[in-house]
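Participant: Provided below are the primary sequence and the corresponding predicted coordinates.
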Amino acid sequence: MAQQATVTLKRTPLYEAHRAAGAKLIEFGGWEMPVQYTGILEEHKAVRSAVGLFDISHMGEIEIKGPRALEVVQRLTTNDAAKLAVNQVQYAALCYPHGGIVDDLTVYRLGPEHFFFCVNAANIEKDSQWILQHAQGQAEISNISAQVAQLAVQGPHAQATLQAICDIQLDALPYYWAAHGYVQGVEALISRTGYTGEDGFELYCPASQGPELWTALLQAGQPHGIKPIGLGARDTLRLEMAYALYGNDITAETTPLQAGLGWIVKLQKGEFIGREALLQERATGVQRKLMGFELIDRGVARSHYGILAEGQRVGEVTSGTMSPSLNKAIGLGYIRAEYAKVGTEISIDIRGKLAQARVTRTPFYPSHVRKA
Amino acid sequence: MEFPAGLRYTKEHEWIRIEGEQAYVGITDYAQQELGDVVYVELPEVDAAVRHMEPFGVVESVKAVSDLFSPVTGTVKQINDALFDRPELVNSDPYGQGWMLVVTLADPAQLDTLMTAEQYEAYLRQVKEA
């Protein structure tokens, strides 16, 4: 068991609620967060078959406002924010000039020149500095992370749960769109987004009202079998979808093209940080690719295990787990391009023993997000 | 949590139960709770040698990989291959169907170096306070 460091961990507004619910708490990106309440497998299955409630208030929110806000967002992100209508949401990356990833994020357009970025918890400070530095004074940047609570309601019964206590018509809210509404008296920004592969919503509200919103959602979801879900199941759910996790699958050392995120890189939109490097990489072709694999032999692949093919090391695992939905060991890893084709036989060095594996198509588990 | 009397316990949270000339080995109720859902167990081959407080295998939960330590030096007589298909038995019945090995003891005096249930519970209180 890891020894607790002396640094003070940050806590979300839901901390007391998690303790009261008997959650097992762990350190994650500088935060003290629930890893599980009753058990990762049970929580995972609740999200796939019913509905789960996540506290994701550790994630960061950075606002970008001002007459030139769009221009600043376009310079910072790889995706094309000009394509966003007001209230639309987009997945994107912030890149370094060499093409490595500063962070991955969702970009919300709240007004013609008003955006906010939802960023990873461990990167809030880094991103704020980066954004401030590259905004060049052309927009007003505010890190509002501490003032915002963020909850996610995910699963086939997410809409029924939220609709029972919310004043907007959720059926009219498409995937990756947002709307302001009241949820049992709490004003919230609601988007049809998530990190599980199920239909669901993410809600942003004032930090002080987080506990109220949490309780209201748990009550509304009771007839639907709602359960609070910890970071353990959040990780297995996202990995079954092959959604990248910053720090594991994408880092400053990997580019969006290598990570299979070419679809959020719009090289034709105009200048943005990292564009030159990504143009060149696209022209020459990527040397390695982030691929999904499944184990044929018994065992579980874990982050940093070696990937071998034809007796030589050709890559490294970045995430791995036993898939609770599929009951087999799955993972993601960077593999040299010539061995990265779907169907290629590889092996994983599991603590010195080679386990047979195969490069597979992703997502591992079929997506149930509600695409229009 | 339950810690049956009559078993001996290690500081790494394994238990051993003597039955005549041989002994059953597994992990404790505390260990399985701390690990969470067990999804994979790696065990040695039958006839393999195990050594006092050296790793004999691995238990993996969804989140973590942990070594398994042998309470005694000896030879593996049986392994619980039911765990390959049903690793969750380690969680649901850690002292029963979740057993891992049957071993013969090279040196029964090694048992005296292990904790009784009472001592193990006292040890857990220390671990939790630390």
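Facilitator: That came in fine, so what should we check first?

Participant: contacts and neighbour counts: CA atoms only from here.
Facilitator: Will do.

Participant: so what's residue A:78 up against?
Facilitator: Contacts of residue A:78 were listed using Cα atoms under 8 Å, 6 or more residues apart in numbering or on different chains, and they are A:92, A:93, A:94, A:95, A:264, A:265, A:266, A:267, A:272, A:273, A:275.

Participant: again, only using 10 Å
Facilitator: Going by Cα atoms under 10 Å, 6 or more residues apart in numbering or on different chains, residue A:78 touches A:91-95, A:99, A:104, A:256, A:262-267, A:269-275, A:278.

Participant: What residue, apart from its backbone neighbours, is nearest it spatially?
Facilitator: residue A:265 (4.8 Å; Cα to Cα, 6 or more residues apart in numbering or on different chains).

Participant: Same check on residue B:110?
Facilitator: That would be residue B:72: by Cα to Cα, 6+ apart, it lies 6.3 Å from residue B:110.

Participant: State the pLDDT value of that neighbour.
Facilitator: Residue B:72 is assigned a predicted lDDT (pLDDT) of 97.

Participant: Just give me the neighbour total for it.
Facilitator: 26 (other Cα atoms under 10 Å in any protein chain shown).

Participant: likewise residue A:312?
Facilitator: Neighbours around residue A:312, by other Cα under 10 Å: 10.

Participant: so how far is residue A:306 from it?
Facilitator: 10 Å (Cα to Cα, to the nearest Å).

Participant: repeat for residue B:105
Facilitator: From residue B:105 to residue A:306 the distance is 37 Å (Cα to Cα).

Participant: Same question for residue B:70.
Facilitator: Taking Cα to Cα, one finds residue B:70 at 28 Å from residue A:306.

Participant: residues near the spatially closest residue to residue B:35 that is not a sequence neighbour, how many?
Facilitator: Excluding its sequence neighbours, the residue lying closest to residue B:35 (Cα to Cα, 6+ apart) is residue B:61, at 5.8 Å. When neighbours are counted by other Cα under 10 Å, residue B:61 registers 22.

Participant: what about the strands in chain B?
Facilitator: Applying DSSP state E to chain B gives strands spanning B:8-9, B:14-19, B:22-27, B:38-42, B:49-50, B:55-61, B:65-69, B:74-79, B:101-105.

Participant: Could I get those strands in CSV, plus columns for distance to residue A:81?
Facilitator: Listed next are the strands of chain B as CSV, based on distance: least, Cα to Cα, whole Å:
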stretch, distance to residue A:81
strand B:8-9, 60
strand B:14-19, 56
strand B:22-27, 54
strand B:38-42, 42
strand B:49-50, 61
strand B:55-61, 41
strand B:65-69, 42
strand B:74-79, 59
strand B:101-105, 59
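
Participant: So for residue B:90, which of the ones you listed sits nearest?
Facilitator: Closest approach to residue B:90 among the strands of chain B (Cα to Cα): strand B:38-42, 6.8 Å.

Participant: Any chance you could give me that closest one in PDB, C-alpha atoms only?
Facilitator: C-alpha atoms of strand B:38-42 as PDB (Å, rounded to 0.1, in the frame of the first residue of the first chain):
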ATOM      1  CA  VAL B  38      -9.700 -10.000  -7.700                       C
ATOM      2  CA  VAL B  39      -9.600 -10.600 -11.400                       C
ATOM      3  CA  TYR B  40      -6.500 -12.800 -11.900                       C
ATOM      4  CA  VAL B  41      -4.400 -15.100  -9.800                       C
ATOM      5  CA  GLU B  42      -1.000 -16.500 -11.000                       C
END
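
Participant: And chain A, is it touching that?
Facilitator: Yes - counting by Cα under 10 Å from any Cα of the partner chain, chain A has neighbours in strand B:38-42: B:38, B:39, B:40, B:41, B:42.

Participant: For the stretch 151-300 of chain A, which residues are neighbours of chain B?
Facilitator: A:232, A:233, A:235, A:236, A:298, A:299, A:300.

Participant: Filter those down to just the buried residues.
Facilitator: In those, burial by neighbour count holds for A:232, A:233, A:235, A:236, A:299, A:300, counting by 16 or more other Cα atoms under 10 Å in any protein chain shown.

Participant: which SS state does the third one fall under?
Facilitator: Under the three-state scheme (DSSP: H, G, I helix; E, B strand; the rest coil), residue A:235 adopts helix.

Participant: My read is that it contacts residue A:246, right?
Facilitator: No - counting by Cα atoms under 10 Å, residue A:235 does not reach residue A:246; the two are 11.7 Å apart.

Participant: Which single residue of the stretch 51-200 of chain A approaches chain B most closely?
Facilitator: Shortest the stretch 51-200 of chain A-to-chain B distance, computed as Cα to the nearest Cα: residue-wise this is residue A:196, at 16.5 Å.

Participant: Quick one: residues contacting the residue nearest to residue B:110.
Facilitator: Counting by Cα under 10 Å, 6+ apart, residue B:72 has contacts B:10, B:16, B:23, B:25, B:50-54, B:103-111, B:113-114.

Participant: Look up the closest residue to residue A:115, ignoring the ones flanking it.
Facilitator: residue A:109 (4.5 Å).

Participant: That neighbour: what's it in contact with?
Facilitator: Contacts of residue A:109 (Cα under 10 Å, 6+ apart): A:64, A:70, A:81-82, A:84-90, A:115-117, A:177-178.

Participant: what's the helix or strand harbouring residue A:314 packed up against?
Facilitator: Residue A:314 is part of strand A:312-323, with elements assigned from DSSP states H and E. Here strand A:312-323 touches helix A:40-49, helix A:231-240, strand A:288-295, strand A:306-309, strand A:328-336, strand A:345-350, strand B:38-42, strand B:55-61, going by 3 or more Cα pairs under 10 Å, 6 or more residues apart in numbering or on different chains; DSSP states H and E.

Participant: Okay, angle between that strand and helix A:231-240 too, please.
Facilitator: Interaxial angle of strand A:312-323 relative to helix A:231-240 (axes from the mean of the first three to the mean of the last three Cα atoms, to 10 degrees): 120 degrees.

Participant: Run through the residues of chain B sitting next to chain A.
Facilitator: Near chain A, when you scan chain B using Cα under 10 Å from any Cα, you find B:33-42, B:60-66, B:84, B:130.

Participant: Now list the buried members of the residues you listed.
Facilitator: For those, buried by 16+ other Cα under 10 Å: B:33, B:35-42, B:60-63, B:65, B:84.

Participant: Just the closest of the residues you listed to residue A:125, please.
Facilitator: For those, with residue A:125 as the reference and Cα to Cα as the criterion, the closest is residue B:63, at 26.9 Å.

Participant: The closest one against residue A:40, yeah?
Facilitator: Yes - using Cα under 10 Å, residue B:63 makes contact with residue A:40 at a distance of 8.9 Å.
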